[in-house]
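Asker: for reference, the sequence and a predicted model appear below.
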Amino acid sequence: MPAIGAQAAVRVVKKVCDAYAALKGNIKAGNLGREGSKRRLRAESKPIVFREDAAQPFDDRILTWNPDARTVSIWTVAGRLKHLPFVCSDEAMVLLASRKGESDLVLRDGMFFLIATVDLPEPEVFEPDGFLGVDLGIVNIATTSDGEILAGRALNRYRERHRDLRRKLQKKHTKSAKRALKRVRRREARHAANTNHIIAKRLVATAERTSRGIALEDLSGIRQRVTAKKDQRARLHSWAFAQLGRFVEYKARREGVPVVFADPRNTSRQCSECKHTPRTNRVTQARFVCRSCGAVLHADHNGSRNIAHRGEAVWKRGAVSRPRTSPR
């Protein structure tokens with residue numbers, strides 16, 4: 001086994017410490033089940049192991065960036081490799097000027113990626129003139145209080161095609177089928193992340209242009225609370241609602257747009273005009289008809305308007321205690 005330098009050894013020790021700290025944090029947060037559960041016992045009894053192609057962190061002593069030449073110099077067990085070219089977008093090159101801290105070397109689908117950490121200034125959050133409500137759903141991923149529906153039918157068709165493909169591959173039980181399953185899973189994950197980025201960017205741009213904040217549903221624990229119909233379970237459990245929320249939050253912070261989270265209970269049943277809330281208001285999945293005032297709306301549009309109203313109430317309640325430097 002070749003000898004490694006002192007700094008590389010330090011990074012290896014730090015990586016092991018971080019892995020055990022993450023395990024301890026997951027146990028404390030209850031992510032691995034209750035005390036005595038099979039999953040938790042299995043995680044606690046086995047030592048942590050690392051794949052040969054696992055991501056590896058590098059600091060500035062063992063990895064040097066040269067943005068002008070678009071090259072890096074990186075330490076390896078075979079010695080330092082210099083003048084290795086890298087490619088990225090022009091926007092990413094500008095961001096690299098503010099890079100600091102560690103960089104992670106990741107092997108994905110046969111290609112190496114360097115993930116760098118950059119610092120961006122966070123503008124002060126402006127005082128919103130109302131809120132843009134966003135209703136998240138299974139049929140329509142996001143519907144705004146302006147009536148705009150984002151990522152609906154076309155996205156669901158894409159997910160159904162991939163679900164059918166996974167079923168066919170799972171029946172084969174061959175090594176090539178398993179490799180194909182990994183490719184399909186990663187492709188769908190990339191597509192989901194890209195779609196969530198597009199939705200989040202559009203929501204933040206709309207809110208910033210109209211000087212409004214963004215009100216989202218607090219969907220923590222939705223998969224445990226919601227009982228979906230059999231034909232909707234796969235769609236409920238396959239889409240990254242939490243990821244979309246994180247994307248909206250960080251993009252909004254970059255632009256100084258306030259974000260609040262509202263209680264989602266009864267937003268699909270409550271009339272956004274008169275607040276009447278019987279179960280019969282929701283006629284079908286897409287149609288809302290108020291039994292009191294007679295208002296007729298798309299069901300998701302009605303829900304997003306309720307979320308906008310609740311988001312504004314949340315903002316006003318926190319007006320005294322909330323910090324002015326970051327969104328709620």
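Answerer: Cool, the structure landed.
Asker: residues near residue 244, how many?
Answerer: 25 (other CB atoms under 10 Å). C-beta here means a position set from N, CA and C on the backbone, and glycine is covered the same way.
Asker: how about it: what's its closest non-neighbour residue?
Answerer: Ranked by CB to CB, 6 or more residues apart in numbering and with sequence neighbours excluded, the top spatial neighbour of residue 244 is residue 196, at 4.4 Å.
Asker: which residues does that neighbour contact?
Answerer: Applying CB atoms under 8 Å, 6 or more residues apart in numbering, one finds that residue 196 lies in contact with 240, 243-244, 247.
Asker: of those residues, which belong to helices?
Answerer: 243-244, 247 (DSSP state H).
Asker: looking at the residues you listed, which is nearest residue 33?
Answerer: Using CB to CB, residue 243 comes nearest to residue 33 of those, at 22.9 Å.
Asker: start to end distance for stretch 35-50?
Answerer: Length of stretch 35-50, first residue to last, CA to CA, to the nearest Å: 25 Å.
Asker: buried residues in that stretch?
Answerer: Going by neighbour count (16 or more other CB atoms under 10 Å), the buried part of stretch 35-50 is 40, 43.
Asker: buried sites along stretch 194-205?
Answerer: Quick answer for stretch 194-205 (16+ other CB under 10 Å): 195-196, 199-200, 202-204.
Asker: for stretch 76-86, same thing?
Answerer: Result for stretch 76-86 [16+ other CB under 10 Å]: buried residues residue 86.
Asker: that older thread, buried subset of the contacts of residue 196 as a ChimeraX selection?
Answerer: To isolate the buried ones among the contacts of residue 196 in ChimeraX, judged by 16+ other CB under 10 Å, type:
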select :244,247
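Asker: now render the contacts of residue 196 as CSV, adding pLDDT and distance to residue 172.
Answerer: Below are the contacts of residue 196 laid out as CSV (pLDDT from 0 to 100; distance: CB to CB, whole Å):
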residue, pLDDT, distance to residue 172
240, 72, 27
243, 84, 30
244, 87, 33
247, 93, 35
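Asker: want to throw the contacts of residue 196 into TSV with distance to residue 81?
Answerer: Shown next, in TSV, are these (distance: CB to CB, whole Å):
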residue	distance to residue 81
240	36
243	34
244	39
247	35
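Asker: ok, of the ones in helices among the contacts of residue 196, which one's closest to residue 156?
Answerer: So of the ones in helices among the contacts of residue 196, ranked by how close each gets to residue 156 (CB to CB), first place is residue 244, at 15.3 Å.
Asker: can you map out the helices along the stretch 101-250 of the chain?
Answerer: Counting by DSSP state H, counting those that start in this stretch, the stretch 101-250 of the chain has helices at residues 153-172, 175-209, 222-225, 230-238, 241-255.
Asker: least confident of those, on average?
Answerer: Per-stretch mean pLDDT for the helices of the stretch 101-250 of the chain is lowest at helix 222-225 (a mean of 52).
Asker: list the buried residues for stretch 6-18?
Answerer: In stretch 6-18, counting by 16+ other CB under 10 Å, buried: 8, 11.
Asker: contact partners of that stretch?
Answerer: 4, 48, 50, 56-59, 61-62, 75.
Asker: what's the farthest-apart pair in the residues you listed?
Answerer: 48 and 61 (25.1 Å).
Asker: enumerate every residue touching residue 309.
Answerer: 133, 272.
Asker: give me the three-state assignment for it.
Answerer: Using DSSP: H, G, I helix; E, B strand; the rest coil, the secondary structure recorded for residue 309 is helix.
Asker: which strand runs longest in the protein?
Answerer: strand 99-108 (DSSP state E).
Asker: and that strand, what's its mean pLDDT?
Answerer: Per-residue scores along strand 99-108 average to 88.
Asker: now do stretch 259-269
Answerer: Computed over stretch 259-269, the mean pLDDT rounds to 89.
Asker: what is the end-to-end distance of it?
Answerer: For stretch 259-269, the end-to-end distance is 24 Å (CA to CA).
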